[in-house]
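Student: quick check, what structure comes out for this input:
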Amino acid sequence: MKIFVLSAFLAAFLTGAFFAPFAKAQDAAAGTEVAVATPSATTPSVTSKNLPVYLDHDLAKKHADFTRFAKVRVKAMDSNHRMSKSRMKVTKLPDGNYKALYHAIDYDSVVCKVRYSSSKSIPYVAILSYREMVMEAIGQSPEECLSAEFKAVSIIPNRQIFSHKKGRWQ
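Tutor: Take a look at the predicted model:
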């Protein structure tokens with residue numbers, strides 16, 4: 001019996017129930033109002049249709065799968081671009097200087113989004129968004145131009161849509 005009373009007192013003490021009347025009296029004396037949050041009638045209940053992405057394990061797996069696919073895809077697009085750094089275009093300007101120009105994908109701007117599709121044959125749809133930067137450097141000779149610091153002169157937003165069909169992203 002002593003153990004029960006002691007454990008009940010300890011439980012009340014640790015949960016704060018022991019100090020609750022004192023805290024309410026102190027709040028009332030200080031003039032502090034405490035807001036109580038209650039669920040409203042307009043709050044939708046969580047179902048499989050509106051389940052957050054981080055709780056939907058299948059969608060989280062597809063997102064991780066698409067992110068790996070997107071990294072490889074973006075790297076390939078960056079190196080195979082017709083105006084990539086390896087295919088840099090150097091032109092002579094009317095004032096006698098030279099301008100080097102190439103395109104590069106900003107890897108920090110890559111965003112992957114995956115969602116369920118309304119189609120029965122294609123269960124998932126993904127969107128790959130990234131920015132392509134146009135890099136430019138100016139110099140008095142082509143060699144000086146290539147060794148100069150390149151700066152982004154414009155940014156081209158890109159978005160590609162992929163579908164997950166037959167076990168792979170297309």
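Student: Tyr98: neighbouring residues, count only.
Tutor: Tyr98 is flanked by 19 other residues according to other C-beta atoms under 10 Å. From N, CA and C alone the C-beta is placed, and that goes for glycine too.
Student: wait, I meant Ser84
Tutor: Ser84: 15 neighbours (other C-beta under 10 Å).
Student: pretty sure it is touching His103, no?
Tutor: Yes - the pair Ser84 / His103 is scored as a contact, 6.7 Å apart, by C-beta atoms under 8 Å.
Student: so, low pLDDT: which residues of this structure?
Tutor: Of all residues in the chain, those with pLDDT under 70 make up the ranges 1-2, 4-54.
Student: which residues of it fall in helices?
Tutor: Applying DSSP state H to the chain gives helices spanning 2-15, 20-30, 57-80, 142-147.
Student: gap between Ala70 and Ala126?
Tutor: As judged by C-beta to C-beta, to the nearest Å, Ala70 and Ala126 stand 8 Å apart.
Student: show me whatever sits in contact with both of those two.
Tutor: Contact criterion C-beta atoms under 8 Å, 6 or more residues apart in numbering; residues shared by Ala70 and Ala126: Cys112.
Student: for Leu128, which non-adjacent residue is spatially closest?
Tutor: Nearest non-adjacent residue to Leu128, counting by C-beta to C-beta, 6 or more residues apart in numbering: Gln160, 4.6 Å away.
Student: I'd say that neighbour and Ile127 touch.
Tutor: Yes - with contact defined as C-beta under 8 Å, Gln160 reaches Ile127; the gap is 7.3 Å.
Student: tell me what the residue found closest to Leu93 once you drop the neighbours it is linked to in the chain is bridged to.
Tutor: Spatial nearest neighbour of Leu93, excluding adjacent residues (C-beta to C-beta, 6+ apart): Lys99 at 5.6 Å. Taking DSSP bridges as the rule, Lys99 bridges to Thr91, Ile138.
Student: give me the number of residues near Lys99?
Tutor: Count around Lys99 with other C-beta under 10 Å applied: 16.
Student: what's the answer for Ser121, then?
Tutor: 8.
Student: is the closest residue to it other than its chain neighbours in a bridge, and if so with what?
Tutor: Leaving aside its sequence neighbours, Ser121 sits nearest to Lys165 (C-beta to C-beta, 6+ apart; 7.2 Å). Per DSSP bridges, the residues bridged to Lys165 are Arg168.
Student: also Val111?
Tutor: In beta-bridge terms (that is, DSSP bridges), Val111 pairs with Ser129.
Student: lovely, talk soon.
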